[in-house]
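Q: next comes the sequence, and after it the predicted model I'd like to discuss.
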Amino acid sequence: MAEKYGPIFTIKIGVHRALVVSNWETAKECFTTHDKVFADRPKTLASELLTYDGAMIGFSPYGSYWRHVRKITTVELLSTYRLGKLKDVRESEVRAFLKELYKLWDENRGGASKSKSNEVVVEMKGWFGDLTLNIVLRTIVGKTVGYITSDGDEDSTVKGWKKGLTDFFYLIGMFSVSDALPFLRGKTKAPSCVEPCDIQDFHRDVFKASTCITFLIC
């Protein structure tokens with residue numbers, strides 16, 4: 001399309017008009033010279049429900065509220081002094097992580113046959129994910145989700161939290177048909193040209209994830 005219409009053009013997405021930039025010079029101008037013009041994120045159904053109508057800093061429109069929250073975040077959470085004060089939280093979670101990992105190895109070494117082998121296969125992606133999540137949650141809301149047990153089981157509440165967070169990051173990037181056609185919002189029945197699941201299922205999934213996030217941080 002850039003070859004036909006040039007390096008910068010607009011397209012219609014439902015009732016919205018979107019700008020398409022396809023060369024780096026124009027993109028640089030958009031995000032440096034005119035960065036404040038493009039500072040806002042598009043407001044979607046998912047971002048409205050999951051971020052408390054844009055209250056989360058990553059999804060807030062550029063303005064006095066965003067600047068105020070950014071200042072609080074920078075000073076109270078991400079400053080060198082504050083990170084130093086929270087050092088014990090990070091160290092404590094790393095110790096708990098290593099303790100649980102050692103416990104898993106101790107209970108499973110040798111395999112079912114209890115041979116002399118001390119090797120235990122561990123899926124580290126999930127473990128490091130839990131470690132990162134525990135540090136973030138304990139720093140912000142004072143809670144943790146624990147770690148995978150030796151038998152692979154997890155508390156139902158923990159499973160719910162993890163699913164809610166996974167759904168949050170999945171749904172926040174989803175595009176709903178009602179984002180392009182706002183008049184479809186709130187409709188319990190989709191028009192004949194739209195699959196019912198496109199609206200009803202998406203609304204339900206977003207509401208569930210929003211409820212879980214609210215429960216987690218409260």
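A: In hand now; what should we look at?
Q: tell me the SS of the residue positioned nearest the centre of the chain?
A: Central residue of the chain (Cα atoms, centre = their mean): Phe169, 3.4 Å from the mean position. Using DSSP: H, G, I helix; E, B strand; the rest coil as the criterion, the local structure at Phe169 reads helix.
Q: what's the separation between it and Lys162?
A: Distance from Phe169 to Lys162, counting by Cβ to Cβ, to the nearest Å: 11 Å. Where C-beta positions appear, they are placed from N, C-alpha and C, glycine not excepted.
Q: same deal with Leu45?
A: 23 Å.
Q: for the helix or strand hosting His68, give the mean pLDDT please.
A: In this assignment (DSSP states H and E), His68 forms part of helix 64-76. For helix 64-76, mean pLDDT rounds to 91.
Q: try stretch 102-122
A: 72.
Q: on that earlier part again, centre of the chain to the helix holding His68, how far?
A: 20 Å (Cα atoms, centre = their mean, to the nearest Å).
Q: neighbouring contacts of the helix or strand just after it?
A: Sequence order places helix 80-85 as the next helix or strand after helix 64-76, per DSSP H and E. Contacts with helix 80-85, where a contact means Cβ atoms under 8 Å, 6 or more residues apart in numbering, come from Val75, Glu76.
Q: next one: helix 80-85 to chain centre, how far?
A: 24 Å.
Q: residues of stretch 204-214 that come out buried?
A: Val206, Ala209, Ser210, Cys212, Ile213 (16 or more other Cβ atoms under 10 Å).
Q: among those, which are in helices?
A: Per DSSP state H, helices hold the following members of those: Val206, Ala209, Ser210, Cys212, Ile213.
Q: low-scoring stretches of this protein, by residue?
A: Along the chain, segments meeting pLDDT under 70 span 110-117, 148-157, 186-200, 202, 215-218.
Q: break it down into its structural domains.
A: The chain breaks down into these domains under automatic domain parsing: 1-38, 86-151.
Q: point out the most buried one among those.
A: domain 86-151 (a mean of 13; mean count of other Cβ atoms under 10 Å).
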